[in-house]
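A.B. asks: whatever this is, show me its structure:
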Amino acid sequence: MTEQKSFKTRVRARMAKTGESYTTARRHLIDRAAAPAPSPASAAAPTERASDAPASPAATQTERIADDLLRDRTGQGWADWFAVLDTASAAERTHTEIARLLVAEYEVPGWWAQTITVGYEQARGLRSPGQRRGGGFEASASRTVAVPAARLFEAVADETVRARWLPDVEVRVRTATAPRSFRADWAGGPTRIVVGFDAVGESKTRINVVHEKLTGAEQAAEFKAYWRERLTALKVLLESNGDAR
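C.D. replies: Sure, this is the predicted structure:
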């Protein structure tokens, strides 16, 4: 009984870390337990962070997103997607063209198409971590929140609710398309934020924030840490029903 309870605790811990369903998290843990122990050489290149600590601001996309999580959400792992994009001569395409290819030809959800595109560009030397293709810098962060997309969108778009998890910041809205995207100038400019919402089933939604037009790697690292903190505050607010009005 104690062993079974311990296993369930590990399943729930993985769910909290990856946003996976109970069934998916349970399957991954069972598969991992059944796999042979890795050799010292393979152990030096893990496909998932060993702890719940945030990845370094300088971490690449392939270091931030575990291969098994990417495969679970998109059907293929990093190496598979890189091979697909190499065949499509993606290195010669723009960022937008690569992401659209993944959405249109392979039905990859929007947030994951962006994730794969950034990972590919970094792997092929087209950009550095925190850097936009073309030379500018940006910071990004994401969280999976256990609420429907419409409610999560409202928490960003509604000024009153937004002030509860993003206080003391001037946000000038540019466009807002419920419940999919939100764009705004940040603190009067020149930086701006692009927020995307990706439904994960009926009761969970992933929010992704990209803070654009930053001055360099140092500012990008600062905003990455800032947005991780603020999205965690948003998650706590909504999942505790703290936004009830």
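A.B. asks: from here on, contacts and neighbour counts on C-alpha atoms
C.D. replies: Will do.
A.B. asks: helix or strand: which one has the spatially most central residue of the chain?
C.D. replies: By Cα atoms, centre = their mean, the chain has its centre lying nearest to residue 142, at 4.2 Å. Using DSSP states H and E, residue 142 sits in strand 137-145.
A.B. asks: and that strand, what does it pack onto?
C.D. replies: strand 205-214, helix 217-239 (3 or more Cα pairs under 8 Å, 6 or more residues apart in numbering; DSSP states H and E).
A.B. asks: for the first one, give the mean pLDDT please.
C.D. replies: Put plainly, it is strand 205-214. Here strand 205-214 scores 92 as its mean pLDDT.
A.B. asks: distance of the residue nearest to the centre of the chain relative to residue 190?
C.D. replies: Separation of residue 142 from residue 190 (Cα to Cα, to the nearest Å): 22 Å.
A.B. asks: again, but for residue 166
C.D. replies: Distance, residue 166 to residue 190, by Cα to Cα: 19 Å.
A.B. asks: before we move on, what about residue 155?
C.D. replies: The gap separating residue 155 from residue 190 is 24 Å, by Cα to Cα.
A.B. asks: neighbour count: the two, which is higher?
C.D. replies: Legend: neighbour count by other Cα atoms under 10 Å for residue 155 and residue 190, higher for residue 155 (20 against 11).
A.B. asks: how about residue 183: which residues does it bridge to?
C.D. replies: residue 175, residue 194 (DSSP bridges).
A.B. asks: give the contact list for it.
C.D. replies: Going by Cα atoms under 8 Å, 6 or more residues apart in numbering, residue 183 touches 173, 174, 175, 176, 192, 193, 194, 195.
A.B. asks: after the lowest-mean-pLDDT helix or strand in the chain, which helix or strand is next?
C.D. replies: Least confident helix or strand, the chain: helix 40-43 with a mean of 30, by mean pLDDT, DSSP states H and E. On the C-terminal side of helix 40-43, the closest following helix or strand by DSSP H and E is helix 61-64.
A.B. asks: give me the buried positions along the helix or strand following that next one.
C.D. replies: Downstream of helix 61-64, the next assigned helix or strand under DSSP H and E is helix 67-74. Residues 67, 68, 69, 70, 74 are the ones in helix 67-74 that count as buried (16 or more other Cα atoms under 10 Å).
A.B. asks: reformat those as a markdown table; add distance to residue 146 and pLDDT.
C.D. replies: What follows is the buried residues of helix 67-74, written out as a markdown table (distance: Cα to Cα, whole Å; pLDDT from 0 to 100):
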| residue | distance to residue 146 | pLDDT |
| --- | --- | --- |
| 67 | 23 | 94 |
| 68 | 21 | 94 |
| 69 | 18 | 92 |
| 70 | 20 | 94 |
| 74 | 20 | 93 |
